[in-house]
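Novice: This is the structure alone, sequence omitted:
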């Protein structure tokens, strides 16, 4: 995720967009729920022919997790989206990246462990020739 130019370049925005699409694929890979609840049989019995399902018990219990929803896309009506600046997916991803980086808190790491990791990285870099030098 996040690769551009065959992996020569990486992009936070592309990473966010790729991860978002992988979320959709992950949701689809779950398959179809064939259980009684998954098929909403209780809703069919509750509502009956000619009714609507928006207010029934099953819909109210399941509507929040029933569908996959992108964290990048803009679901506003076209007119509202246009009035708000008509930001494309890349711009929306950039805004998400800014929020994520702004909210990031490094996990606690023992100072001795950090020192050991930095020493290891320095040693390994010294052992490897620079391919572009």
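Specialist: That came through, no problem. Small disclaimer: the values here were computed from a predicted structure and weren't measured.

Novice: same for the one helix or strand residue 61 maps to, what does it pack against?
Specialist: Here residue 61 sits within helix 57-62, counting by DSSP states H and E. Where contact means 3 or more CB pairs under 8 Å, 6 or more residues apart in numbering; DSSP states H and E, helix 57-62 is packed against helix 41-47. From N, CA and C alone the C-beta is placed, and that goes for glycine too.

Novice: Report the mean per-residue pLDDT for the helix it packs on.
Specialist: Helix 41-47 carries an average pLDDT of 89.

Novice: helices and strands around that helix, which ones?
Specialist: helix 57-62.

Novice: how far does the helix it packs on sit from the chain's center?
Specialist: In terms of CA atoms, centre = their mean, to the nearest Å, the centre of helix 57-62 is set 25 Å apart from its chain centre.

Novice: can you check stretch 12-22 too?
Specialist: 7 Å.

Novice: Repeat that for stretch 8-18.
Specialist: With CA atoms, centre = their mean, you get 13 Å for stretch 8-18.

Novice: So residue 76 sits against residue 84, correct?
Specialist: Yes. Judged on CB atoms under 8 Å, residue 76 makes contact with residue 84 at a distance of 6.8 Å.

Novice: Where do the helices of the chain begin and end?
Specialist: 12-29, 41-47, 57-62, 78-83, 89-103, 111-127 (DSSP state H).

Novice: Excluding chain neighbours, what is closest to the most centrally placed residue in the chain?
Specialist: The centroid of the chain falls nearest to residue 20 when counting by CA atoms, centre = their mean (3.7 Å). With CB to CB, 6 or more residues apart in numbering as the criterion, residue 20 has its nearest non-adjacent residue at 4.5 Å, and that residue is residue 72.

Novice: Looking at the residue nearest to the centre of the chain now. What's its pLDDT?
Specialist: 95.
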